[in-house]
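Colleague: structure for the following, please:
(chains A and B)
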2 protein chains.
Amino acid sequence: MSSSAETRPLVAVVMAGGAGTRFWPLSRCCRPKQLLPFAGGRSLLAAAVERLSPLVPPERTLVVTSSLVAGAVRDELAGLPAENILAEPEGRDTAACVGWVAWRLARTAPDAVMIVVPADHVVPDAAALRAALAAAAAAAAGRGGLVTLGLRITRPETGFGYVELGDAAGAAAGHEVYSVRRFVEKPDRARAEAFMAAGNFRWNSGMFAWTVAAIEGAIREHLPALAAGLDEMMAAVGELGEGEALARHYPLLPRVSVDFGVLEKASPVWAVGVDLEWSDVGSWLGLAELLPASPAGVTMGDVVALDSERCVLVSDGPLVAALGVRDLVVVATRDAVLVVPKDQVQRVKELVASLRAAKRDDLL
Amino acid sequence: MSSSAETRPLVAVVMAGGAGTRFWPLSRCCRPKQLLPFAGGRSLLAAAVERLSPLVPPERTLVVTSSLVAGAVRDELAGLPAENILAEPEGRDTAACVGWVAWRLARTAPDAVMIVVPADHVVPDAAALRAALAAAAAAAAGRGGLVTLGLRITRPETGFGYVELGDAAGAAAGHEVYSVRRFVEKPDRARAEAFMAAGNFRWNSGMFAWTVAAIEGAIREHLPALAAGLDEMMAAVGELGEGEALARHYPLLPRVSVDFGVLEKASPVWAVGVDLEWSDVGSWLGLAELLPASPAGVTMGDVVALDSERCVLVSDGPLVAALGVRDLVVVATRDAVLVVPKDQVQRVKELVASLRAAKRDDLL
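Modeller: Residues are numbered from 1 along each chain as shown, chains lettered A, B, ... in the order given. Reported below is the predicted structural model:
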């Protein structure tokens, strides 16, 4: 065993690069999902940072986001040192994001254990999440390799990735640790049901822990082009400054997810089993599950509903007045109104694409 | 026979006092239905005045409206002398409106024939309407009594009043004139079907013609309290000026419609039969019948519709984006959005009432 988690600094990496077109018209280029007030009036991002803070203090919490919204993110996270907001010139998916942070930490905190979490999750029991992340960090520090949180499956969800567990491999900080047999991308309904029935599957949470050395080694082994790009970029930082080096090199990094590009290929990979109420707030329906229900369904903002049921009615400005409607999503902002049946919310992306094609950039 | 219409001046009276809550949120206190751009981009009111103009010139066209919107009406009807916009301090229904104009004309143009029309009708064939109104004016001038236009029934509509014709009584200006046996308020479906089948019924159009003397006499006979109030008010005009006299006396006038208070009781009453495409644009559905249809239904303003059918989608500001909806009415303004199934548009009044109860005056 290498040194324990207790002797290594924990660094939290909050990935906040998403665009969130599924929440159009509330989400926009300049106001992505993670900045929307979906966490009881606060943004999902602020909630994510605050949730981690008893485990990782602000000075060791890094937030990676798009340069388009870095200013808004700094405003939103006033408790974080401004230099802890890392701005990507453009999104290159999660492997580049994680790689950039690891390459940076290799210079400043090479012993660190990174805890990597997305910015757009909702986890009501923050203490349980922290305990699980602490266990994952302990496992990562104690065993080497890459560690993912494997969430207990509560429904045969086709929108998530899954992880198949292998042998139990002991415990870390009160949590079971398993070897990972394989990762499975979003399955169809039948496979999702089979995974749920099988018992040895978990949802791949997108929350990870690893040492800087472990993730750097895995990237060098499985994504050598990314590793080379990061090497070049970091060399340029000394010469050009970080802003200019990133502007030149970051957009050239390979675009691949850390799940697909690294975790599915690396070994060993561990999963810490955890039983948490959790949502990735993937759509208006996902949000609806989290909010208190009224007779009309779920409402947010200035809404009047008469004789309406099972709706999602959201206003960020104009009054939304619903009369006699069922199973409908209505989202109104100052300049755009979306109306779509609940069973078709996944198609909002089509709508956004059609606006883009029509060059309605003011609405994107 | 008294003097013919040719020797009497025609005066057009456009009644533009309606509130139009059925078109909320596009219609508001300060912007009632008749000011909405429902007539091919122009307001219904401007279209009504223009439709009459070859028959009655602007200097003899009077528009009676609420003092709340008189300024907007003057702006809308820049071609009319400003003093021809008559502002009611508050709406007291159509008998008071018609009576006020008759009492005024008794001083300035006692020989006039009044043509009275609502401001919120849509009549595609303006020439045919003018011919019918000219015939009604000729009948009013030639026969005395009150004259209504009786429109050919094309469907068993339960939202209109009906008039039962008695004997044919000759012709005026190429149109049949009938004595009127009785007026019938909005019937139920079975009665409406019977009226349509009977053949001797017409829709009561709300468009009338009469001499100043005939309507004044009928009001004095059948609505003596109104007549007394108008006498007092007109006496006060000389003393106080019209604005102050109206402010004191007009709100005290009895509130009754000219149909119920005068026409149903007076004799003789004539009907000029006319076969016109006509709509009173009573609701979003009525409007939809008048507008060109697209695959999504009827759209007005900034609207994007994907995979939507038979809808009424109206924007007066924000983009309305409809996805996968059917038979739905969506109306969006800067500060309010209405969503209601087509078969429940009549209930918009309930919504407006609930906003009034909630003191959301800014939205009314």
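
Colleague: where does chain A have low pLDDT?
Modeller: A:1-6, A:19-20 (pLDDT under 70).

Colleague: and whichever residue of the stretch 101-250 of chain A sits closest to chain B, how many neighbours?
Modeller: When scored by CB to the nearest CB, the stretch 101-250 of chain A has A:Gly159 as its residue closest to chain B, at 19.0 Å. Using the backbone N, CA and C atoms, a C-beta is placed for each residue, glycine as well. If you count neighbours by other CB atoms under 10 Å in any protein chain shown, A:Gly159 ends up with 12.

Colleague: what's the answer for A:Ile115, then?
Modeller: As a burial measure, A:Ile115 scores 27 neighbours (other CB under 10 Å).

Colleague: beta partners for it?
Modeller: Beta-bridge partners of A:Ile115, counted by DSSP bridges, are A:Ala12, A:Ala209.

Colleague: which bits of chain A sit near chain B?
Modeller: With CB under 8 Å from any CB of the partner chain as the criterion, chain A meets chain B at residues A:25, A:304, A:306-307, A:315, A:317-325, A:328, A:330, A:332-341, A:344, A:347-348, A:350-351, A:354-355, A:358, A:360, A:363.

Colleague: so which of the residues you listed are in helices?
Modeller: A:348, A:350-351, A:354-355 (DSSP state H).

Colleague: and those residues, which are buried?
Modeller: Buried members of these, counted by 16 or more other CB atoms under 10 Å in any protein chain shown: A:348, A:351, A:355.

Colleague: got the domain boundaries for chain A?
Modeller: A:5-274, A:284-363 (automatic domain parsing).

Colleague: dihedrals phi and psi, A:Leu285?
Modeller: A:Leu285 adopts backbone torsions of phi -70, psi -40, taken as degrees, to the nearest 10.

Colleague: for it, grab the count of nearby residues.
Modeller: Counted with other CB under 10 Å, A:Leu285 comes out at 16.

Colleague: tell me how far it lies from chain B.
Modeller: 14 Å (CB to the nearest CB, to the nearest Å).

Colleague: is it true that that residue touches A:Val312?
Modeller: Yes - using CB atoms under 8 Å, A:Leu285 is in contact with A:Val312, at 7.2 Å.

Colleague: which residues are in contact with each of those two?
Modeller: Common neighbours of A:Leu285 and A:Val312 (criterion: CB atoms under 8 Å, 6 or more residues apart in numbering or on different chains): A:329, A:342.

Colleague: give me the helices and strands touching the strand or helix carrying A:Gly170, please.
Modeller: Using DSSP states H and E, A:Gly170 sits within strand A:162-172. For strand A:162-172, the packing partners by 3 or more CB pairs under 8 Å, 6 or more residues apart in numbering or on different chains; DSSP states H and E come out as helix A:126-143, strand A:146-151, strand A:175-184, helix A:189-198, strand A:201-211, strand A:269-274.

Colleague: adding mean neighbour count and distance to A:Ala48, write these out as JSON lines.
Modeller: Converted to JSON lines, the helices and strands packed on strand A:162-172 look like this (neighbours: other CB atoms under 10 Å in any protein chain shown; distance: least, CB to CB, whole Å):
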{"stretch": "helix A:126-143", "mean neighbour count": "23", "distance to A:Ala48": "10"}
{"stretch": "strand A:146-151", "mean neighbour count": "28", "distance to A:Ala48": "14"}
{"stretch": "strand A:175-184", "mean neighbour count": "18", "distance to A:Ala48": "20"}
{"stretch": "helix A:189-198", "mean neighbour count": "14", "distance to A:Ala48": "26"}
{"stretch": "strand A:201-211", "mean neighbour count": "26", "distance to A:Ala48": "10"}
{"stretch": "strand A:269-274", "mean neighbour count": "25", "distance to A:Ala48": "16"}
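
Colleague: make JSON lines out of the ones you listed and add distance to B:Ala247.
Modeller: Below are the helices and strands packed on strand A:162-172 laid out as JSON lines (distance: least, CB to CB, whole Å):
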{"stretch": "helix A:126-143", "distance to B:Ala247": "65"}
{"stretch": "strand A:146-151", "distance to B:Ala247": "71"}
{"stretch": "strand A:175-184", "distance to B:Ala247": "78"}
{"stretch": "helix A:189-198", "distance to B:Ala247": "71"}
{"stretch": "strand A:201-211", "distance to B:Ala247": "70"}
{"stretch": "strand A:269-274", "distance to B:Ala247": "74"}
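
Colleague: quick check: the gap between A:Ala87 and chain B.
Modeller: Using CB to the nearest CB, one gets 30 Å for the distance from A:Ala87 to chain B.

Colleague: partners of that residue in the sheet?
Modeller: A:Thr65.

Colleague: burial count for it?
Modeller: There are 20 residues near A:Ala87, going by other CB under 10 Å.

Colleague: what do you get for A:Gly99?
Modeller: For A:Gly99, using other CB under 10 Å, the count is 27.

Colleague: the one 10 residues further on too?
Modeller: For A:Ala109, the count of nearby residues is 16 (other CB under 10 Å).

Colleague: surely it is in contact with A:Pro9?
Modeller: Yes - assessed by CB under 8 Å, A:Ala109 is found in contact with A:Pro9 at 5.7 Å.

Colleague: circling back: got the angle between the strand holding A:Gly170 and helix A:189-198?
Modeller: Interaxial angle of strand A:162-172 relative to helix A:189-198 (axes from the mean of the first three to the mean of the last three CA atoms, to 10 degrees): 20 degrees.

Colleague: so how far is A:Val13 from the residue most central in space within chain A?
Modeller: Nearest residue to the geometric centre of chain A (CA atoms, centre = their mean): A:Pro118, 2.3 Å. As judged by CB to CB, to the nearest Å, A:Pro118 and A:Val13 stand 10 Å apart.

Colleague: ok, now A:Ala305?
Modeller: 41 Å.

Colleague: so A:Asp125 touches A:Glu277, yeah?
Modeller: Yes - using CB under 8 Å, A:Asp125 is in contact with A:Glu277, at 6.3 Å.

Colleague: one step back: now distance to B:Met233 too, for the ones in helices among the residues of chain A next to chain B, in TSV please.
Modeller: TSV is the format used below for those (distance: CB to CB, whole Å):
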residue	distance to B:Met233
A:Val348	59
A:Glu350	62
A:Leu351	58
A:Ser354	59
A:Leu355	57
